[in-house]
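Trainee: What shape does this take:
(one chain, ligands or ions: 2)
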Amino acid sequence: MDARSSRYHEVYARAQRDPLAFWGEAAADIDWIERPKTIFDPKADVYGRWFVDGVCNTCWNAVDRHVQSGRADQAAIIYDSPVTGTKQTISYVDLQTKTQVLAGILAKDFGVVKGDRVILYMPMVPEAIVAMLACARIGAVHSVVFGGFAAKELATRIDDAKPKVILSASCGIEAGRVIPYKPLLDEAIRLATAKPSACMILQRPQCQAELVAGRDHDWKTRWDEALVWAKSIYECVPVAATDPLYILYTSGTTGIPKGVVRDNGGHLVALKWSMKNLYGIDPGEIWWSASDVGWVVGHSYIVYAPLFHGCTTILYEGKPVGTPDAGAFWRVISEHKAVSMFTAPTAFRAIKKEDPQGKHFAKYDLTKFRALFLAGERADPDTLIWAEKLLNVPVIDHWWQTETGWCIAGNPIGLGQLPIKHGSPTVPMPGYDLRVVDAQCNEVPRGKMGSLVAKLPLPPACLPTLWQADVRMRESYLDEFPGYYKTADAGFIDEDGYVYVMSRTDDIINVAGHRLSTGGMEEVLSSHKDVAECAVLGIKDQLKGEVPCGFIVLKAGVNRPPSEIEAECVALIREKIGPVASFKLAITVARLPKTRSGKILRGTIKKIADGEAYTMPATIDDPAILDEIGSALKQKGVMS
Ligand code: COA
Ligand code: AMP
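Mentor: Numbers count the residues shown, from 1 in each chain. Ligands and ions are numbered 1, 2, ... in the order given. Next up, the predicted model:
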């Protein structure tokens, strides 16, 4: 493979030279109700808007368009659920009927109209995809909340999005465990100020949820009634390209999570473009993204992009290991003939840990499999090389954020694969003008670390703003480096233009590919009655990449055993944030290391915990505290 044989450089340069022509051409690949005449308006909203006068419908492009053009009987979704022992294939025409019926229920039964918000708190079942598409069909704005979040987190999102309706299910199923969702939903609605007028609950056979009279509706009952009339009525509603398709909440440094807004038009254009040019996938092929519909990867590459492209998407309700074994991924790929898959490196670490020799792999036929894509966290070269050797196909790391909705830097195999450099997600995608800058916003030389920023405007699909929070959008992403979008990732670009993403510049950590705020965890720990102060930081973990570790200092006079309080802190984070936080380690210390001005030295604590060399901070108040931290970590078995 040779960089010169790839079309990437020519395509990227064209997008830089004439972005309007480039994205205008890409826009011709989707169905518009009214074709946009203005490709980009730099004056609109926070930093400009794409396709301002275009009118379209996302559901049409994901479903109806394919029914009309000969894919009616092709599988749109293959649902494979080892945790329930279920497999189901849904054709494009079936999916059309289902979205019509659910759109009908939302519109007629619950009065949902264009612009209304609908929250989805759903496990990985086909109804979750149908619900997203049904909202898109009628121009309602969906907001999917990941099932591993606790009631309080859900309540915060309810209060911000103010949904008219919530769609949920009686339970989610984790390997070997049924997790009732309804008590969490009820508690969230109790905590929230913005109460939804209705909830519709999918009763799964594994768990019956109790319905609240007057508010809750049984999914099946509503469905059976609507089946009679909805199909003939609920056609796709025209929406402006700039209208919001969804809000997806993601961890911010402080306060409530950020409601990342995705528009209809830009999202359609960029995601459609990415399937062929970045992932090298043709319409009709079978694609698998092993994520969760609650994350951005799930939104973009379980649901929207593969459907925009007329592919078959696999919806997998299971884990890489334990459902039933470390061969689960190979089974799914071979059984359904997936040509490529997308997941987080942590999934491969889990498989590697259980089956380092790849014994399970040998049992399956993966001859149709062409490429593995990894994102969500830094792909450690060890895991990457292991996967390359095992699969004998390109293993492509690519860099992403919830905010961008698609890849920032990757290896576009559809344009001709570029040489892989382990540790780098390769090169910026068209539309991303990436720079590395210092604190004063001066570009640093190639190879030198700094803040990774993208020159405005961002390409289509990236967030135009945060939900009803333009000021927060500016403050969070645009003010610090004027003229640029701050990714909050630090890294460098090498002589060949390869991007390296090394760490976050804020307090966000990445646990098993899940983005979490340590500040949010500190807020919860501080609310414990016996905790005087605390510091939470991410420490290295062989499986999950990072896991949170909380140091707590107890209030004077507290004389209960520290282990008791630590266990309460662990339980408190699970209760307030959810199991997804993977918070299992609270350590009591007498004091925290600080600078003379009182700033907790989290970076130094992290280095100690990770067993890395550190220099004594010149401004440290009392160096002896670092030894105390080291001893506490040793006592807990974190360090030897
Ligand atoms: N609903 C309820 N609980 C959930 C949940 C959901 N949808 N998803 C996860 N949880 C729970 C888990 O059961 C676990 O609970 P526990 O502490 O009681 O064991 C906890 O949240 C942490 O989950 P996770 O970090 O995913 O750990 P895990 O041990 O269950 O699985 C992996 C580890 C590596 C197998 C898993 O994270 C994985 O497959 N990740 C790769 C794919 C992915 O999700 N990527 C994300 C974005 S691309
Ligand atoms: P999320 O918004 O949950 O998708 O998380 C985005 C963050 O995950 C990024 O800002 C990075 O810190 C990290 N991330 C995602 N993909 C990669 C990657 N390929 N390499 C390094 N970090 C990544």
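Trainee: Which residues of this structure lie near ligand 1?
Mentor: Within the chain, the positions adjacent to ligand 1 are 147-148, 172, 174, 179, 290-292, 295, 297, 319-321, 343-344, 346-347, 350, 376, 512-514, 544, 579-580, 582 by Cβ under 6 Å from any ligand atom. (Each C-beta comes from the backbone N, C-alpha and C, glycine too.)
Trainee: pLDDT on the helix ranked longest in the chain, on average?
Mentor: The single longest helix within the chain, with elements called by DSSP state H, is helix 562-576. Averaged across helix 562-576, the pLDDT comes to 97.
Trainee: List the contacts of it.
Mentor: Applying Cβ atoms under 8 Å, 6 or more residues apart in numbering, the external contacts of helix 562-576 come out as 150, 152-153, 521, 524-525, 527-528, 530-531, 550, 552, 554, 558, 581, 583-588.
Trainee: Please indicate which of the residues you listed are buried?
Mentor: Among the contacts of helix 562-576, those buried by neighbour count (16 or more other Cβ atoms under 10 Å) are 150, 152-153, 521, 524-525, 528, 530-531, 550, 552, 554, 581, 583, 585-588.
Trainee: who in this protein is up against ligand 2?
Mentor: So the chain meets ligand 2 at 250, 296, 375-379, 397-402, 425, 489, 501, 504, 510, 515 (Cβ under 6 Å from any ligand atom).
Trainee: Count the residues that sit near Glu523.
Mentor: Glu523: 16 surrounding residues under other Cβ atoms under 10 Å.
Trainee: do Glu612 as well
Mentor: So Glu612, with other Cβ under 10 Å, has 10 neighbours.
Trainee: got the contact list for Lys594?
Mentor: 600-601, 620-621, 625.
Trainee: Repeat the analysis, applying 10 Å as the threshold.
Mentor: 533, 535, 600-601, 617, 619-622, 625 (Cβ atoms under 10 Å, 6 or more residues apart in numbering).
Trainee: got a pLDDT number for it?
Mentor: 94.
Trainee: Can you name the residues bridging to it?
Mentor: Ile600 (DSSP bridges).
Trainee: Repeat that for Ser503.
Mentor: Ala490.
Trainee: when you give positions from now on, start the count at 593
Mentor: Sure, I'll start numbering at 593, so the last one becomes Ser1095.
Trainee: Okay, helices next: where are they in the stretch 993-1142 of the chain?
Mentor: Using DSSP state H, counting those that start in this stretch, the helices found in the stretch 993-1142 of the chain span residues 1062-1065, 1110-1118.
Trainee: For the longest helix of the chain, list every residue counted as buried.
Mentor: By neighbour count on 16+ other Cβ under 10 Å, the buried set for helix 1154-1168 is 1154, 1157-1158, 1160-1162, 1164-1166, 1168.
Trainee: Confirm for me that Val885 is in contact with Pro715.
Mentor: Yes - contact criterion Cβ atoms under 10 Å: Val885 and Pro715 qualify, at 8.6 Å.
Trainee: tell me, what's touching those two both at once?
Mentor: Contacts common to Val885 and Pro715, judged by Cβ under 10 Å, 6+ apart, are 738-739.
Trainee: between those two, who's got more neighbours?
Mentor: Set side by side, Val885 and Pro715 show more neighbours around Pro715, with 26 against 23, by other Cβ under 10 Å.
Trainee: Hmm, Pro772 and that one touching each other?
Mentor: No - here Pro715 does not reach Pro772: they are 11.2 Å apart, not a contact under Cβ under 10 Å.
Trainee: which residues do these two both contact?
Mentor: 761-764, 796.
Trainee: Any chance of CSV for those residues, columns pLDDT and secondary structure?
Mentor: As requested, those are exported to CSV (pLDDT from 0 to 100; DSSP: H, G, I helix; E, B strand; the rest coil):
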residue, pLDDT, secondary structure
Ala761, 98, strand
Ser762, 98, coil
Cys763, 98, strand
Gly764, 97, strand
Arg796, 98, strand
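Trainee: so, if you compare those, which one comes nearest to Trp821?
Mentor: Lowest distance from Trp821 to the shared contacts of Pro715 and Pro772 (Cβ to Cβ) belongs to Ala761, with 24.4 Å.
Trainee: shouldn't that closest one be in contact with Glu719?
Mentor: Yes - using Cβ under 10 Å, Ala761 is in contact with Glu719, at 7.3 Å.
Trainee: residues in contact with the closest residue to Leu907 other than its chain neighbours?
Mentor: Of all residues not flanking Leu907 in the chain, Tyr671 sits nearest, at 4.8 Å (Cβ to Cβ, 6 or more residues apart in numbering). If you count contacts by Cβ under 10 Å, 6+ apart, Tyr671 has them with 678-682, 716-719, 721, 905-909.
Trainee: how about 6 Å then?
Mentor: Residues near Tyr671 by Cβ atoms under 6 Å, 6 or more residues apart in numbering: 680, 718, 907.
Trainee: Buried only: go through the residues you listed for me.
Mentor: In the contacts of Tyr671, the ones that pass as buried (16+ other Cβ under 10 Å) are 718, 907.
Trainee: What's the mean pLDDT across stretch 1196-1207?
Mentor: 92.
Trainee: one step back: which one of the contacts of Lys1186 is nearest to ligand 1?
Mentor: Ala1127 (21.7 Å; Cβ to the nearest ligand atom).
Trainee: beta partners of that closest one?
Mentor: Applying DSSP bridges, one finds that Ala1127 bridges with Phe1143.
Trainee: between Ala761 and Glu719, who's got more neighbours?
Mentor: Neighbours per residue, other Cβ under 10 Å: of Ala761 and Glu719, the larger number sits with Ala761, 27 against 21.
Trainee: Grab the nearest non-local neighbour of the more buried one.
Mentor: Leu794 (4.1 Å).
Trainee: What values do phi and psi take at the residue in the stretch 693-842 of the chain that ligand 2 sits nearest to?
Mentor: Relative to ligand 2, the nearest point of the stretch 693-842 of the chain is Thr842 (5.2 Å; Cβ to the nearest ligand atom). The phi and psi values for Thr842, taken as degrees, to the nearest 10, are phi -140, psi 160.
Trainee: so who does the closest residue to it other than its chain neighbours touch?
Mentor: Nearest non-adjacent residue to Thr842, counting by Cβ to Cβ, 6+ apart: Thr994, 4.0 Å away. Going by Cβ under 6 Å, 6+ apart, Thr994 touches 840, 842, 852, 888.
Trainee: Could you rerun that using 10 Å?
Mentor: 840-843, 849-850, 852, 854, 887-889, 891-892, 1055, 1107.
Trainee: Quick check: strands, which of those residues are part of them?
Mentor: Using DSSP state E, 840-842, 850, 852, 854, 1107 are the members of the contacts of Thr994 that sit in strands.
Trainee: Drop anything exposed from the residues you listed.
Mentor: Looks like the ones in strands among the contacts of Thr994 have 840-842, 850, 852, 854, 1107 buried, using 16+ other Cβ under 10 Å.
Trainee: Let's have these in a markdown table, adding pLDDT.
Mentor: Formatted as a markdown table, these follow (pLDDT from 0 to 100):
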| residue | pLDDT |
| --- | --- |
| Leu840 | 98 |
| Tyr841 | 97 |
| Thr842 | 95 |
| Lys850 | 95 |
| Val852 | 98 |
| Arg854 | 98 |
| Arg1107 | 92 |
